[in-house]
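S.K.: here's my sequence, what's the structure:
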Amino acid sequence: MANIKSQIKRNRQNEIRRARNKGTRSALKTRIKRFLDTVESGDKEASAEAYRGVTKALDQAAAKGVIHKNTAANKKSRLAKRLG
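M.R.: Residues are numbered from 1 along each chain as shown. Predicted structure coming up:
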């Protein structure tokens, strides 16, 4: 355990940010899974709608720094191929 006051605060901040990032990453995985399920079902319209939601979520996560912007771009590209 840290003895320095600033490090104690830093640890507290890191814990809060870790929990927030974990929730965001979990939500991303859920959206991607739902998108892949709609693609498997063959419903083009629902798949396109789900893809729009996934891309928005990926962009927001990249903007917040939860994932790297290139990671978001790679995931969007791979999902777009699946949609095609």
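
S.K.: spatially nearest residue to Ala2, not counting backbone neighbours?
M.R.: Ile8 (5.2 Å; CB to CB, 6 or more residues apart in numbering). C-beta: built from backbone N, CA, C; applies to glycine.

S.K.: give me the neighbour count for that neighbour.
M.R.: 12 (other CB atoms under 10 Å).

S.K.: tell me the first helix or strand C-terminal of the host helix or strand of it.
M.R.: Here Ile8, judged by DSSP states H and E, is contained in helix 5-41. Going down the chain from helix 5-41, the next helix or strand is helix 44-64, by DSSP H and E.

S.K.: where's that next one relative to the chain centroid, distance-wise?
M.R.: Centroid displacement of helix 44-64 relative to its chain, using CA atoms, centre = their mean, to the nearest Å, is 9 Å.

S.K.: what do you get for stretch 11-19?
M.R.: On the basis of CA atoms, centre = their mean, stretch 11-19 sits 18 Å off its chain's mean C-alpha point.

S.K.: give me the residues contacting it.
M.R.: The contact list for stretch 11-19 (CB atoms under 8 Å, 6 or more residues apart in numbering) reads Ala2.

S.K.: swap in 10 Å and give it another go.
M.R.: Residues outside stretch 11-19 that contact it (CB atoms under 10 Å, 6 or more residues apart in numbering) are 1-2, 65-66.
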